[in-house]
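1. sequence first, predicted coordinates after that:
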There are 2 protein chains.
Amino acid sequence: MKAVNVVLVGFGRVGKAFLQVISEKKELLRKRYNLDIMIKAIFRRGRACILQDNIDVNQLLEKDYYWKPGIALAQVLDTEEPGVLVECTPSNIKTGEPGLTHINLALDKGWHVATANKGPLVVDLQSLREKAKKNRLALKFSGATAAALPALDVALYSLAGTEITRIEGILNGTTNYILTKMEEGMDYRDALKEAQAKGIAESDPSLDVGGWDTAVKILLISNAVLETDFTLEDMNVEGIENISSRFIKEKREEEKSLKLLGRLTKEENDYKIEVALTSIDDSHPLFGIKGAEKGISFTTDTMDKVTVTGGESDPKGAGASILKDIINIYSG
Amino acid sequence: MKAVNVVLVGFGRVGKAFLQVISEKKELLRKRYNLDIMIKAIFRRGRACILQDNIDVNQLLEKDYYWKPGIALAQVLDTEEPGVLVECTPSNIKTGEPGLTHINLALDKGWHVATANKGPLVVDLQSLREKAKKNRLALKFSGATAAALPALDVALYSLAGTEITRIEGILNGTTNYILTKMEEGMDYRDALKEAQAKGIAESDPSLDVGGWDTAVKILLISNAVLETDFTLEDMNVEGIENISSRFIKEKREEEKSLKLLGRLTKEENDYKIEVALTSIDDSHPLFGIKGAEKGISFTTDTMDKVTVTGGESDPKGAGASILKDIINIYSG
């Protein structure tokens, strides 16, 4: 049995879902993967909780008296046997903070990293990757790209040895939900309202409908696949706010479906990364992706086109994808 | 740079395609994966070729004088620094031979195995897996299940930590091609003839149209995922030989599509593995899989449903999938 220490930073929806999955899967992890995951500490804004073996993780979700102020992350990372830092603080794509500091600290102190936080990766993926490589540590971020949709795994693991010449992804559930509803005849406002009522869209949906969430995801996936250092400034980003129902109806009459695609293309030796509204027909592997579902398609030189779709998109799916990353760090 | 010795057994279409891919990818393997793949020997019926560094692998495909009789696989595996045995001999699902002997030999002598040969896995997966585990060696078989369609990777790597409760796959290009053509109005005989003319179906198509190729693939995938030891005798296997065009037309009128699915289902704690003709509607993730394309869908507890489709299905795709397995053995 291999004991793996985990320190969780960030106790929002994804962090909690991750703890829940870990707690539900304890037996399976031991039996199937020979791993004993030990949550050593949890950090949330200004407070932290150092876990003793006899604390039931479920209780943390309810009770307050475990949480103490004044505990430094650096100190915990120094004291405990290095394992995996799980980063789930809110994403800031301008500064990368506070996640960037946490991840750098972990990599400096010999801890692997599994992050669901996009910010640090948008701001500084290249340096983080180099630091991880130099220190022979894993930097995993399934939870930051498309969570339970295994976009990164397929690109980096299943397509290892191929040259990926094109990527197209429906990477944001909110926009695809709205476009699907508009195809069914709803107008933009009503479709957005319905998405918000169902908890698919956030109350401020601007990052989603403006194409920025898709942009960040295709950027991270592209940089991971190509080992490049592109930034959001290198991209054209389209949103769905100005689409008319009439335009969608016209496309439907041509038996086409309008999708907001994150896209990487290669022309000669130049790469282009963009977010573009694109009408596709039923020969396209993402044609059938309806509602809040996601999907991504890779075109390669030796394996032709490989497409992966689906995957739980709620916090539970993100939590499960962090656990998946941890398992794969240790069973490689 | 890590030098990886490879011994290839079997010099048919897949074996040759594998060599071709290795030769084309030499630079990429060095640069991206830090791997220097050295083909040390190739075995074909009764003869073998020991490769010197200065022999161009491409020449082997044409010239005859490199091939010598009387060289024993065991001796080569003993002499060379252990790396990966690549098994591409013809598949015999009754005896597993000659592949079973080759794979056992390799695992006994400290070599990892990547096989495109289904036979040994159908006959004795459990023992081979245990031997590999005991000797801390990898036993990879992407090339034996769905080649460039990353069915096993997604199940074992991307869905690590989930419980897979259902698998449904379109795993045979020939049968799906025939069913698609029949939906377009062709009758069974003409569709089969067209598939043969296009090189999709073999001249003896009985293993494909009888459902047995699908059966073997879903059996191997299921046994790999569940770590079980089911055999073909445990399965109900349906083929497509007796489908009438009229039946397909009726399904089309109901907006359904008839597919030959390899399927694993779980009911209570019982698993059922089968090959069944199934009509599905457009809410099913495999509805859009037409012609010789393949796809597989996994239902899980924590990540919902994840589906992967596509992947080159000719020998090149199989060769590339063996290379992928080798890369993943060394970059885990």
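-> Yep, that arrived. Numbers count the residues shown, from 1 in each chain, chains lettered A, B, ... in the order given.
2. beyond the worst-scoring helix or strand of chain A on mean pLDDT, next helix or strand please.
-> Every helix and strand of chain A was ranked by mean pLDDT, DSSP states H and E. The lowest is helix A:57-60, at a mean of 70. Sequence-wise, the next helix or strand downstream of helix A:57-60 (DSSP states H and E) is strand A:68-69.
3. pLDDT of that following strand, averaged?
-> Here strand A:68-69 scores 88 as its mean pLDDT.
4. what's it packed up against?
-> Under the contact definition 3 or more Cβ pairs under 8 Å, 6 or more residues apart in numbering or on different chains; DSSP states H and E, strand A:68-69 sits against strand A:47-50. C-beta: built from backbone N, CA, C; applies to glycine.
5. contact partners of the strand it packs on?
-> A:40-43, A:60, A:66-69, A:71, A:73, A:76 (Cβ atoms under 8 Å, 6 or more residues apart in numbering or on different chains).
6. out of those, which are buried?
-> Among these, those classed as buried by 16 or more other Cβ atoms under 10 Å in any protein chain shown are A:40-43, A:60, A:67, A:73, A:76.
7. ok, so of the residues you listed, who is nearest B:Thr265?
-> The closest of those to B:Thr265 turns out to be A:Leu60 (Cβ to Cβ; 36.6 Å).
8. could you list every residue that touches that closest one?
-> The contact partners of A:Leu60, by Cβ under 8 Å, 6+ apart, come to A:19, A:42, A:49, A:51, A:66.
9. the residue nearest the centre of chain A: which element?
-> The residue lying closest to the centre of chain A (Cα atoms, centre = their mean) is A:Ala144, at 2.2 Å. In the assignment (DSSP H and E), A:Ala144 maps to helix A:142-145.
10. quick check, the residue in the stretch 1-150 of chain A closest to chain B?
-> For the stretch 1-150 of chain A and chain B, the shortest gap (Cβ to the nearest Cβ) falls at A:Pro150, measuring 3.4 Å.
11. B:Ala155 is in contact with that residue, correct?
-> No: with contact defined as Cβ atoms under 8 Å, A:Pro150 and B:Ala155 do not form a contacting pair (10.6 Å).
12. neighbour count winner among those two?
-> Counting neighbours by other Cβ atoms under 10 Å in any protein chain shown for A:Pro150 and for B:Ala155 shows that A:Pro150 has the greater number, 30 against 24.
13. show me the contacts for that one.
-> Per Cβ under 8 Å, 6+ apart, neighbours of A:Pro150: A:142, A:308, A:311, A:321, B:154, B:157-159, B:306.
14. next one: A:Asp234
-> Residues in contact with A:Asp234 (Cβ under 8 Å, 6+ apart) are A:Ile273.
15. any bit of stretch A:18-34 sitting next to chain B?
-> Yes: using Cβ under 8 Å from any Cβ of the partner chain, stretch A:18-34 reaches chain B at A:21, A:25, A:28-29, A:32-33.
16. from the residues you listed, which land in helices?
-> A:21, A:28-29, A:32-33 (DSSP state H).
17. quick check, pLDDT for A:Ala318.
-> pLDDT at A:Ala318 comes out at 94.
18. write the PyMOL selection for whichever of the ones in helices among the residues of stretch A:18-34 next to chain B are buried.
-> PyMOL command restricting those to the buried ones, with burial defined by 16+ other Cβ under 10 Å:
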select buried, chain A and resi 21+29+33
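19. tabulate the ones in helices among the residues of stretch A:18-34 next to chain B (JSON lines), appending distance to B:Trp212.
-> Below are those laid out as JSON lines (distance: Cβ to Cβ, whole Å):
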{"residue": "A:Val21", "distance to B:Trp212": "39"}
{"residue": "A:Leu28", "distance to B:Trp212": "33"}
{"residue": "A:Leu29", "distance to B:Trp212": "36"}
{"residue": "A:Arg32", "distance to B:Trp212": "30"}
{"residue": "A:Tyr33", "distance to B:Trp212": "33"}
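20. re earlier: quick one: which of the buried ones among the contacts of strand A:47-50 sit in helices?
-> Short answer: the buried ones among the contacts of strand A:47-50 in helices (DSSP H) are A:60, A:73, A:76.
21. tell me the one of those residues nearest B:Glu254?
-> For these, the closest approach to B:Glu254 (Cβ to Cβ) belongs to A:Leu60, at 51.4 Å.
22. burial count for A:Ser203?
-> Look at A:Ser203: counted by other Cβ under 10 Å, it has 5 neighbours.
23. can you give me the strands for the stretch 51-200 of chain A?
-> According to DSSP state E, counting those that start in this stretch, the stretch 51-200 of chain A carries its strands in the segments A:68-69, A:84-87, A:112-115, A:139-140, A:164-170.
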